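Novice: kindly generate the corresponding structure for this input.
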Amino acid sequence: MRRLALPLSLLLAASAQAAPLKLEFWHAMDEAVVAGYAQAFNRSQTAYEVVPVAGGNYRELNDKLQKALASGKAPALAQVEFTRFARLAADGRLTDLSRLTDALPEGLTRDLYVPVWRAGEVGGKRYGLPWNVSVPVLMYNVGALRRAGVAAPGTWAEVETTSRTLATRGKRPLVATADAWTFEANVTSRGGSLVVNGRPNLNGPEAVEALTQLARMSAAGLAQPRRLSEATRAAFDFARGQNMFVGASVANWTDARRLPFFQLGIAPFPCGGAGACTVPLGGAHLVVPQGTPAQGQAGAVAFWQFLMDPARLAEWVKSTAYVPSRRSVTPLLNEWYAKNPQIRAAHAQLDRAVPRPTAPAFEEWTLLLEEAISQATTGKLSAKAALDEAQRKAEGR
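Specialist: The predicted structure is shown next:
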């Protein structure tokens with residue numbers, strides 16, 4: 001049989017159509033886990049090839065993405081921590097995915113927890129897709145509390161009274177970390193908010209109340225002030241029992257339980273009073289940078305849908321302790337929750353969770369807030385004065 005000779009241009013065109021579209025995915029998660037998901041997705045279809053690229057921690061990744069956006073070399077898909085997200089959306093750096101997400105099956109979007117799905121919206125448009133979502137918790141030293149005959153505190157008043165019981169032989173039970181997110185949780189747990197109508201509210205009454213307590217406990221030897229840069233030292237002191245309580249993400253459980261010398265316990269984040277006791281969501285969005293071609297946008301959303309498969313999400317939750325973003329995932333976790341009831345209680349906080357503020361300048365305000373926390377807990381300024389100064393700077397005065 002005579003072979004047909006096709007023009008080279010047609011051969012190249014056919015080859016190009018057959019080749020999957022490569023989509024770089026910049027992330028800050030476990031490299032092996034994400035690589036496994038990408039490989040499974042690539043095997044499941046032939047239109048796209050996701051190429052995961054680990055970018056360090058959130059801050060390193062976000063800074064790298066910012067530079068790539070400025071140079072026009074951004075990936076098709078990236079992970080952006082919540083505090084950076086609103087600024088990128090406001091600056092027109094992210095693709096509005098509303099057209100694609102409006103076409104998603106209702107069974108998927110209605111199954112997502114409302115605050116989790118709403119967190120990806122800015123100005124009524126969809127810029128973020130949920131994946132790794134967390135809630136704050138109170139981590140504690142089980143042995144220290146057991147020996148003292150006290151239970152894990154459920155309110156901020158109980159945190160202070162229990163710390164007095166545990167503050168023996170120079171121990172400072174609570175780690176008062178200058179961390180904006182856990183402080184935000186302290187404020188929301190009291191019914192307050194750091195942002196009101198898009199404006200900074202860093203010195204609102206609930207924030208002053210929260211920081212006044214942390215400063216009072218620090219001055220009394222009940223709390224140990226720590227900056228985020230002191231995380232390693234703080235973890236060591238926590239493991240050896242010098243400190244017994246610390247606010248953290250539920251996702252820190254997977255690493256913290258490996259610390260030697262002690263048994264880790266986690267409890268829902270303390271409530272500030274008799275109000276709703278809401279908690280702010282933590283984590284990151286998956287975003288599509290502006291300028292990504294339509295086919296790349298579709299591929300990014302297709303990969304996200306792959307990650308949202310309930311069985312796959314259930315395994316993701318078990319390996320990371322992030323919250324299940326879909327309601328249908330929870331029944332798949334019953335056996336795992338039975339072995340880890342504290343995680344179940346922590347994840348149940350989703351029912352009273354709220355999205356992070358979407359004011360474009362929120363990230364800048366959190367840096368001012370962390371400085372105020374540090375100044376107040378180290379006795380350099382009163383809580384009110386430190387927060388007033390942060391508010392003044394946030395307002396540009």
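Novice: and the one residue sitting closest to the centre of the chain, its phi and psi?
Specialist: Nearest to the geometric centre of the chain sits residue 283, at 1.7 Å (C-alpha atoms, centre = their mean). Here is the backbone geometry of residue 283 (degrees, to the nearest 10): phi 120, psi -150.
Novice: I figured it hits residue 82, correct?
Specialist: Yes. In this structure, residue 283 is within contact of residue 82 by C-beta atoms under 8 Å, at 6.5 Å. C-beta: built from backbone N, CA, C; applies to glycine.
Novice: what sits against residue 201?
Specialist: 192, 193, 194, 195, 207, 391 (C-beta atoms under 8 Å, 6 or more residues apart in numbering).
Novice: including secondary structure, distance to residue 385 and pLDDT, could those residues go into JSON lines?
Specialist: Formatted as JSON lines, those follow (DSSP: H, G, I helix; E, B strand; the rest coil; distance: C-beta to C-beta, whole Å; pLDDT from 0 to 100):
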{"residue": "192", "secondary structure": "coil", "distance to residue 385": "19", "pLDDT": "95"}
{"residue": "193", "secondary structure": "coil", "distance to residue 385": "21", "pLDDT": "96"}
{"residue": "194", "secondary structure": "coil", "distance to residue 385": "18", "pLDDT": "98"}
{"residue": "195", "secondary structure": "strand", "distance to residue 385": "21", "pLDDT": "97"}
{"residue": "207", "secondary structure": "helix", "distance to residue 385": "13", "pLDDT": "98"}
{"residue": "391", "secondary structure": "helix", "distance to residue 385": "11", "pLDDT": "98"}
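Novice: residues in contact with residue 226?
Specialist: Listed by C-beta under 8 Å, 6+ apart, the contact partners of residue 226 are 175, 176, 177, 178, 233, 234.
Novice: number of residues surrounding the nearest residue to residue 192 once chain neighbours are set aside?
Specialist: Once flanking residues are discounted, residue 192 sits nearest to residue 206: 2.6 Å by C-beta to C-beta, 6 or more residues apart in numbering. Residue 206 sits with 20 neighbouring residues when counted by other C-beta atoms under 10 Å.
Novice: can you pull the contacts of residue 206?
Specialist: Counting by C-beta under 8 Å, 6+ apart, residue 206 touches 187, 190, 191, 192, 193, 272.
Novice: and the nearest residue to the second one once chain neighbours are set aside, what's its pLDDT?
Specialist: Of all residues beyond its chain neighbours, the one nearest residue 190 is residue 272 (3.0 Å), with distances taken as C-beta to C-beta, 6+ apart. At residue 272 the predicted local distance difference test score is 89.
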